[in-house]
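>>> only the shape, not the letters, is given here:
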């Protein structure tokens, strides 16, 4: 490795830690804080639970189609501009949310937050790390997810304390200030929009042409569609179950302490699995990781189906369920480069995120509709199990697809030559 490359990697270590901190704050202030504001808003404004949760769904739906242009802009060398604008927009929308006196304002705020999420949460950072550090992006992506995995641990109690002491409106202003003071300067100072290595000498027009061709090639590749099905089915089932897990356990007369314990295990399980992988499993093939994850999730659903009110079974479910999701984030950030290629990764990843993000918005509402029609959560669990098996089958196809591996290798070799 040349001295300039060593210096680039060294500076990249500081940038990666900074981006990891920004991800922790971004997830904590925008995504995980939402559920804590629902009840205070209902008490003050009289809104229904369905109406307030619909705002989050709208935000997730909006983030879907925005993911592709975000990834494309990053491929063209505008990563710092994208993340900086996303952080600024998130802070502005949190301020707007704090002033909401009607549902229209709340929904407008979450439309803006949906755009901000697409521009700041995970996928754009994964694209930047892949583009800037092609030799070490897997380790860097894992580090980012490891740090950001503590977002709920840090920000759920912090946000609740802010609400208790300041009221929900001023708490949102405080979260906006935290986002602005942490994420904005990190994205401004830790990132550089200059292309690296050989791409620095290639004209922008040629880079754009190569990235566009990469997207067209992906759309012609069966494994791309298999990955799209896998991720969409997975995130649909995870979102549906996550948003309905507490009422599901209440319906089964699970004791309140057991409900709290089950929910409390999920987050640490995600972080623990990421730590174990970061320490021992970085050389494990993403294919093996993917097979393990997509098999583990339906196993967790089966355990939930038969768990009843058993504390042991519910905790086992939470460990497997949380662990699978913790590793899925890393898989989502690394499998495309392993199976396909790194050229145009931002746009290709954005295309994969579109249906997944839309599914995250639709799935909880769909699960609620099934529950409304049937009157219990058993059909919801069976629906989640069936869809999760679709995710498993799609990834099995990815692993068995030999042409995609050879195509990806050829693309990487061609890029390196």
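Done, it's in. Computed from a predicted model, the values in this text were never measured in an experiment.

>>> going forward, measure contacts between C-alpha atoms and count neighbours the same way
Noted.

>>> pLDDT weak spots in the stretch 251-400 of the chain?
281-282, 341-342 (pLDDT under 70).

>>> contacting residues around stretch 329-336?
Applying C-alpha atoms under 8 Å, 6 or more residues apart in numbering, the contact partners of stretch 329-336 are 123, 126, 138, 141-142, 145, 231, 286-287, 289-290, 342, 345, 349.

>>> how about a cut-off of 7 Å?
Contact with stretch 329-336 is made by 126, 138, 141-142, 145, 286, 290, as judged by C-alpha atoms under 7 Å, 6 or more residues apart in numbering.

>>> show the contacting residues for the residue nearest to residue 62 when sequence neighbours are not counted.
Spatial nearest neighbour of residue 62, chain neighbours left out: residue 114 (5.3 Å); criterion: C-alpha to C-alpha, 6 or more residues apart in numbering. By C-alpha under 7 Å, 6+ apart, the contact set of residue 114 is 59-60, 62-63.

>>> buried set for the helix or strand containing residue 114?
Assigned by DSSP states H and E, residue 114 belongs to helix 103-120. By 16 or more other C-alpha atoms under 10 Å, the buried positions in helix 103-120 come out as 105-120.

>>> report the angle between the helix or strand following it and helix 103-120.
Toward the C-terminus, helix 103-120 is succeeded by helix 123-132 as the next helix or strand (DSSP H and E). Helix 123-132 runs at 20 degrees relative to helix 103-120, counting by axes from the mean of the first three to the mean of the last three C-alpha atoms, to 10 degrees.

>>> what's whichever helix or strand comes after helix 123-132 packed up against?
Following helix 123-132 in sequence order, the next helix or strand is helix 137-148 (DSSP H and E). On a contact count with 3 or more C-alpha pairs under 7 Å, 6 or more residues apart in numbering; DSSP states H and E, helix 137-148 meets helix 3-26, helix 123-132, helix 256-280, helix 311-339.

>>> for the contacts of residue 114, which one is nearest residue 266?
The closest of the contacts of residue 114 to residue 266 turns out to be residue 60 (C-alpha to C-alpha; 21.5 Å).

>>> what's near enough to touch the closest one?
Counting by C-alpha under 7 Å, 6+ apart, residue 60 makes contact with 114, 357-358, 360-361.

>>> could I get the residues you listed in a markdown table, plus columns for secondary structure?
Shown next, in a markdown table, are those (DSSP: H, G, I helix; E, B strand; the rest coil):
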| residue | secondary structure |
| --- | --- |
| 114 | helix |
| 357 | helix |
| 358 | helix |
| 360 | helix |
| 361 | helix |
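
>>> for the residue nearest the centre of the chain, which non-adjacent residue is spatially closest?
Compute the mean C-alpha point of the chain, and by C-alpha atoms, centre = their mean the closest residue is residue 122, 5.6 Å away. Of all residues not flanking residue 122 in the chain, residue 23 sits nearest, at 7.2 Å (C-alpha to C-alpha, 6+ apart).

>>> could you measure from residue 260 over to residue 311?
Using C-alpha to C-alpha, to the nearest Å, residue 260 is found at 11 Å from residue 311.

>>> which one of these two has more residues nearby?
The neighbour comparison of residue 260 against residue 311 (other C-alpha atoms under 10 Å) goes to residue 311, with 17 against 11.

>>> on that earlier part again, compute the distance between the residue nearest to residue 122 and residue 83, please.
Note on residue 23: its distance to residue 83, by C-alpha to C-alpha, is 11 Å.

>>> before we move on, what about residue 294?
Distance of residue 294 to residue 83, computed by C-alpha to C-alpha: 30 Å.

>>> so the chain: which segments form each domain?
As given by automatic domain parsing, the domain ranges for the chain are 1-201, 204-417.

>>> and the longest one, how far from the chain's centre?
Looking back up the chat, that one is domain 204-417. On the basis of C-alpha atoms, centre = their mean, to the nearest Å, domain 204-417 sits 10 Å off its chain's mean C-alpha point.

>>> repeat for the first one
For domain 1-201, the distance from its own C-alpha centre to the chain's C-alpha centre is 10 Å (C-alpha atoms, centre = their mean).

>>> all numbers from here: first residue = 624
Okay, using 624 as the starting number, the last item reads as domain 624-824.

>>> model confidence over that domain, on average?
For domain 624-824, the mean pLDDT works out to 83.

>>> residue 808: which of the helices and strands packed on helix 760-771 is closest?
Judged by C-alpha to C-alpha, the one of the helices and strands packed on helix 760-771 that comes nearest to residue 808 is helix 626-649, at 9.4 Å.

>>> which of the residues in the helix or strand following that closest one are buried?
Sequence order places helix 657-668 as the next helix or strand after helix 626-649, per DSSP H and E. Of the residues in helix 657-668, those buried by neighbour count under the rule 16+ other C-alpha under 10 Å are 657, 660-662, 664.

>>> could I get the full set of helices for the stretch 774-923 of the chain?
For the stretch 774-923 of the chain, the helices defined by DSSP state H, counting those that start in this stretch cover 774-789, 791-812, 827-842, 845-874, 879-903, 909-930.
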